[in-house]
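[1] attaching a predicted model along with its sequence, questions to come.
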Amino acid sequence: ASKNENEPEWATVVKSSFPVEPEDTYDSCTLSSSEACAFEGLPQGKTTMVYPGGETRCIKGDDFAFQVVPGDNDKLIISFQGGGACWDKASTEIGACTSTAFPDPALGIFDVSNDKNPYKDYTSIHVMYCSGDLHAGNVTRDYADSSGNPIVQVGYSNTLATLNWAKENMASTLSSLVLTGQSAGSLGTQVWAEPILGMFEYEAAAVMPDSYMGVFPDGAQEFLIPDYGMCTNPYISSDLVALCTAGKITVQKVFDHGMKAYPNVAWANINSKYDAVQMAFYSGIAATLRMLPLYLTEAEFNNAMNTILKKYNENKNYVSYVVTSAMHTYTELPIVFTADTTGAVGRGKGGQTLMNEWMAGFPVRSGETVTSECDGEVLDEADWTGKGYCDASQAGKTFTAL
């Protein structure tokens, strides 16, 4: 991503985290009345970009596509791609979100050739991210792009088109369903998890967003979520819509609602204790919405993250994997195979559970157990200090599926 001299520091950090378009070629297919882009006709283990048309589009008018990498038809991983966010004219002009649809590379949990990948046999369907609205917006803005065309953000339509294809093409009952996403896609996962669990039939499912906790300035979410048009999503439960229209909605309330609605599904977060990109994003939102404080220290971020995790942890079906690091996102990168709770290349040298090995426990089938993982001094909330501690209330938490 390009940087100009006047670009704020937060924007430079955020852009550095954007996914990079892979260099290899891939197939594409455009849905139409005569072309279903059916699962059976797509090359196994390789990317096909499916262009669904209809109401879908990217923020500046480019065509939206989703990515399908066929594996077993009864095992499905749905992943929401990352790539920043554009929430007003300033963030859109700075380019704080990706605006074209391109595939995820075959790395990390999408590496179908790596035996260490617990999901190598799965079909992966990726909701590409080019709407700048955390995959959930439904709004036409009153400002235009550089060509004078109105900014339209319809992540809702893009996601729905992807899910509709998945429902039509995957096994009617899945043996396994895993929902994940990185960065902005982590937030997309948190918003869509409950609706998706209601759309599919499955024997076991898991929800595992990677690297976005939703640490925002006080009051920012309550403004931004309705401003994106998310209150109109018909798949979100009516009590959450009421909170949304009343200006009281947060991603945390949505995610927690899902945990309570699906108590036998394991819900988890993967996150770093002082994620540099999340901290930069916090500053970008604080600056553009003129909210204080403008910056969080690493210790303040860790406290804010643990306050959120502690609340989720009240649900018996919730566990967390927390890394002592500033790293942003793991699952779509090769470091998912080297990361442990001490860092991105900890390699389990101190006996820690490697991230990919921990993920292999999801989805949690009847009688199986998963455990929260964190490395550091275990402290009660009253004693939280510094950036490296682990919250005592989450330490060693286990969930056993019924």
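    Received, thanks.

[2] CA only for contacts and neighbour counts going forward, please
    Will do.

[3] where along the stretch 201-350 of the chain do the strands fall?
    Defined through DSSP state E, counting those that start in this stretch, the strands belonging to the stretch 201-350 of the chain, from first to last, are 201-202, 205-210, 266-272, 318-323.

[4] what sits up against the second one?
    By that I understand strand 205-210. Contact partners of strand 205-210, identified using C-alpha atoms under 8 Å, 6 or more residues apart in numbering, comprise 176-183, 185-187, 189-190, 193, 197, 265-271, 329-331, 362-364.

[5] and the longest one, by the same measure?
    Contacts made with strand 266-272 from outside it, assessed by C-alpha under 8 Å, 6+ apart, are listed as 205-213, 259, 317-329, 362-364, 399, 401.

[6] can you do 6 Å?
    Residues external to strand 266-272 that are found in contact with it (C-alpha atoms under 6 Å, 6 or more residues apart in numbering): 206-211, 317-326.

[7] do the same with stretch 315-327
    Applying C-alpha under 6 Å, 6+ apart, the contact partners of stretch 315-327 are 263, 266-276, 341-343, 372-374, 399.

[8] report the buried members of these.
    For the contacts of stretch 315-327, a neighbour count by 16 or more other C-alpha atoms under 10 Å gives the buried set as 266-276, 341-343, 372-374, 399.

[9] leaving out sequence neighbours, find the closest residue to the most centrally placed residue in the chain.
    With distances taken as C-alpha atoms, centre = their mean, residue 186 lies nearest the centre of the chain, 1.6 Å away. In space, residue 186 comes closest to residue 209 once its chain neighbours are excluded; the distance is 4.5 Å by C-alpha to C-alpha, 6 or more residues apart in numbering.

[10] neighbours around that neighbour, how many?
    By the measure other C-alpha atoms under 10 Å, the count of residues near residue 209 is 29.

[11] rewinding a little: tabulate the strands of the stretch 201-350 of the chain (a markdown table), appending distance to residue 40.
    Supplementary listing: the strands of the stretch 201-350 of the chain in a markdown table, determined by distance: least, C-alpha to C-alpha, whole Å:
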| stretch | distance to residue 40 |
| --- | --- |
| strand 201-202 | 20 |
| strand 205-210 | 24 |
| strand 266-272 | 31 |
| strand 318-323 | 36 |
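
[12] how about the ones you listed in a markdown table, adding distance to residue 9 and mean pLDDT?
    Putting the strands of the stretch 201-350 of the chain into a markdown table (distance: least, C-alpha to C-alpha, whole Å; pLDDT from 0 to 100) gives the following:
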| stretch | distance to residue 9 | mean pLDDT |
| --- | --- | --- |
| strand 201-202 | 44 | 98 |
| strand 205-210 | 23 | 98 |
| strand 266-272 | 21 | 98 |
| strand 318-323 | 24 | 98 |
